[in-house]
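Enquirer: Test case, fold it:
(one chain, ligands or ions: 1)
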Amino acid sequence: MSEDRKIQQPDWSNVERVLVIVAHPDDPDFTCAGTAMQMARQGIEVTYMILTNGDKGNHNPDVTREQLIAMRKIEQRKAAALCGVKSVLFMGEEDGFLRPTPEIRKRVTREIRRIRPELIICPDPDRYLSGDNYINHPDHRNAGLVALEAIFPAADNPMFYPEMADEGYPPHKISQLYVHGHPDANVIIDITDDIETKVEAILSHASQFAEPEKTKEWMLSRWGEEEEGDKRFTESFKALRFDE
Ligand SMILES: [Zn+2]
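Expert: Below you'll find the predicted structure:
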């Protein structure tokens, strides 16, 4: 961990509910499962919102689209349970075509107003590339956009969707936002003690891994940083705080 990264210790003292907004089944497990586990152990109620149905995540011609959607829900629920996450919402948008439309913004805003999380975790909408061999999936960027556009200016503004207040979902303002995959991360969570469970959660998405043992080996050898002879694993976020 380099000295110049400004590390801000996480402050979850006023956090009771967290909403994780991502594009695909398995995205929460890759990006924030370790953090979600720590939150859940502290009694924080974590909800995963999966925006797309994951129906393109398959190369097996014997599996139909409908079967894959159903399998991926089961896999995500299993992974969430391993991490102490009790609730998973499947928003059902088509995999590969996620866009920040007015329709999905409204649906996400309704969930934010219903769940009333103090903290939301979402992807960085600006990340097009990563390293020198990876094009970021457009759904990941668009999941970031969908989340941000629902959080601001919609969720806490009574002029947006005034009918929702009548349905029992009045405006709601979050107090913290964690953006993952951001180059200016300022919250770095040590998840070393939970790395085995995180890998298990990722591998719960069995439809995605032809050779899970190899994938496990790869993840444990390629991830993490050596520190005084030990390997440390982290998850990092660009954290924003909003005053009351
Ligand atoms: Zn994904």
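
Enquirer: And the residue of the protein that's closest to the ion?
Expert: Across the chain, the shortest distance to the ion (CB to the ion) belongs to residue 24, at 3.6 Å. Where you see a C-beta, it was placed from the backbone N, CA and C, and this is true even at glycine.

Enquirer: Count the neighbours of that residue for me.
Expert: 26 (other CB atoms under 10 Å).

Enquirer: any chance you could read off phi and psi for it?
Expert: Backbone dihedrals for residue 24, given as degrees, to the nearest 10, come out at phi -120, psi 160.

Enquirer: Report the contact partners of the closest residue to it other than its chain neighbours.
Expert: When the adjacent residues along the chain are set aside, residue 24 lies closest to residue 54, with 5.1 Å between them (CB to CB, 6 or more residues apart in numbering). Residues in contact with residue 54, defined by CB atoms under 8 Å, 6 or more residues apart in numbering, are 24, 25, 26, 68, 69, 72, 95.

Enquirer: From the contact counts, what lies against whichever helix or strand the fifth one is part of?
Expert: Taking DSSP states H and E as the definition, one finds residue 69 inside helix 65-82. Judged by 3 or more CB pairs under 8 Å, 6 or more residues apart in numbering; DSSP states H and E, the packing partners of helix 65-82 are helix 27-41, strand 45-52, strand 87-93, helix 195-203.

Enquirer: got the ones you listed as CSV, with mean pLDDT and distance to the ion columns?
Expert: Shown next, in CSV, are these (pLDDT from 0 to 100; distance: least, CB to the ion, whole Å):
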stretch, mean pLDDT, distance to the ion
helix 27-41, 98, 4
strand 45-52, 98, 8
strand 87-93, 98, 13
helix 195-203, 98, 12
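
Enquirer: Enumerate every residue touching the residue nearest to residue 158 when sequence neighbours are not counted.
Expert: Nearest residue to residue 158, sequence neighbours excluded (CB to CB, 6+ apart): residue 171, at 5.0 Å. With contact taken as CB under 8 Å, 6+ apart, residue 171 is in contact with 113, 155, 156, 157, 158, 160, 165.

Enquirer: pLDDT at residue 171, what is it?
Expert: Confidence at residue 171, expressed as pLDDT, is 98.

Enquirer: So which bits of this structure are right by the ion?
Expert: Proximity of the chain to the ion is confined to 24, 27 under the rule CB under 5 Å from the ion.

Enquirer: Work out the sheet partners of the helix or strand bottoming out on mean pLDDT in the chain and label each with its direction, please.
Expert: Every helix and strand in the chain was compared by mean pLDDT, DSSP states H and E; the lowest is strand 225-227, with a mean of 88. As defined by DSSP bridges, the strand partners of strand 225-227 come to strand 230-232 (antiparallel).

Enquirer: Any idea how far the following helix or strand past the partner strand is from the middle of the chain?
Expert: As assigned by DSSP H and E, the chain's next helix or strand after strand 230-232 is strand 234-241. Strand 234-241 has its average C-alpha position 12 Å from the chain's average C-alpha position, going by CA atoms, centre = their mean, to the nearest Å.

Enquirer: Repeat that for stretch 38-56.
Expert: Relative to its chain's centre, stretch 38-56 lies at 7 Å (CA atoms, centre = their mean).
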